[in-house]
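1. Got a sequence here, can you model it:
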Amino acid sequence: MINSEKPLTGLKVLITRAREQAPELRQLLLPLGAEVFEIPVIEISAPQDFAELDRALSSLTNYDWLIFASKNSVKYTLARALELGLPTTLNDRPKLAAIGPATAEELAKHGLSAAFCPSNFVAENLVDEFPGYPDLAGTKILWPKTNIGRTLIIDKLTGAGATVDTALAYTTGLPADHDNLALDLVEKLATGKIDVITLASAQSAKNLTTLINIGLKNKKNCDLKTLLKPIKIAAIGPITAEAARDCLGKVDIEAEQYTLAGLTESLLASLKFPQKGHRRDS
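-> Numbers count the residues shown, from 1 in each chain. Have a look, this model is predicted:
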């Protein structure tokens, strides 16, 4: 039978988020009884050159919209504005758009509110529901972004007549100690220490694949597909799930709400995992 107070008891969950971001998911899983492991497959850092962002922030009121696609874009953009001595409180220009509730919540922590959030937290919905779309002639938009990611939003907004300026606000890459992390990762996966891997972004899926392949270099008679066969892959949303299918060959669980809470709920809803010798019904 399932422990109703701690329904994830016995479930061994791997968190792959950046080191500074892992605690948020860990704090959701531990009270539910999960055994949590953390191996960061992604590292978030400030760019070496803030020139693009500095220029944009110095003329911020020239823009109609400022679009934030992640909590990190909010944090790094506002931190840079403070370093420059620029105000971080805005009136109506530019208006703020946020992709996802976590991004909107990060704005709220800084006393800012999003004038627009898409109904579903993926790029396609932001474009289709964006105020004025598909006629955005004369609209000026600033997009603080990372060094990776799709250009779909920028392309479609530009195609609708908007002027979209991008500025590098932070960088996303492999952790500096990725070689050691790769060995630890493969060892845990190969010895049954992990039941489910959680992925909170498409880039995490890509980086996880890279780390696994690094860790498998000196292992004979084992490949990525074989290694992951007994392990469940849980994705935070459709874009992450698509990346996981492309890179890892499968997705077992996909959150209906594209948040960490939604990802946790998806684990609870699946009920496919062993629990201290008890059998869970599918």
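2. pLDDT score for the most centrally placed residue in the chain?
-> Central residue of the chain (C-alpha atoms, centre = their mean): residue 201, 3.4 Å from the mean position. Per-residue pLDDT puts residue 201 at 91.
3. if I look at it, how far off is residue 41?
-> As defined by C-beta to C-beta, to the nearest Å, residue 201 lies at a distance of 10 Å from residue 41. No exception for glycine: its C-beta is placed from N, CA and C like everyone else's.
4. sorry, back to before: just list the residues touching the residue nearest to the centre of the chain, thanks.
-> Contacts for residue 201 (C-beta atoms under 8 Å, 6 or more residues apart in numbering) come out as 42, 236, 240.
5. Identify the residues contacting the second one.
-> Residues in contact with residue 236, defined by C-beta under 8 Å, 6+ apart, are 198, 199, 200, 201, 255, 258, 259, 260, 262, 263.
6. Give me the buried entries from those residues.
-> Listed as buried from the contacts of residue 236 are 198, 199, 200, 201, 255, 258, 259, 260, 262, 263; burial here means 16 or more other C-beta atoms under 10 Å.
7. Might one say that the last one is in contact with residue 198?
-> I take that to be residue 263. Yes. At 6.1 Å, residue 263 counts as touching residue 198 under the criterion of C-beta atoms under 8 Å.
8. intersection of neighbour lists for these two?
-> In contact with both residue 263 and residue 198: 25, 234, 236, using C-beta under 8 Å, 6+ apart.
9. Next, the contact list for residue 22, please.
-> 15, 38, 40.
10. Tell me the first helix or strand C-terminal of the one helix or strand in the chain whose mean pLDDT sits lowest.
-> Least confident element among the helices and strands of the chain, by mean pLDDT, DSSP states H and E: helix 123-129 (a mean of 80). Later in the chain than helix 123-129, the nearest helix or strand by DSSP states H and E is strand 140-145.
11. ok, residues contacting that next one?
-> Here strand 140-145 has contacts from 53, 56, 60, 62-69, 73, 76-77, 94, 153-154, 157, 162-169, using C-beta under 8 Å, 6+ apart.
12. Partner strands of that strand, with direction?
-> The strands beside strand 140-145 in its sheet (DSSP bridges) come out as strand 65-68 (parallel), strand 163-168 (parallel).
13. downstream neighbour of it in the secondary structure list?
-> Toward the C-terminal end, the helix or strand that comes next after strand 140-145 (DSSP H and E) is helix 152-159.
14. and residue 162, how many neighbours does it have?
-> Close neighbours of residue 162, defined as other C-beta atoms under 10 Å, add up to 21.
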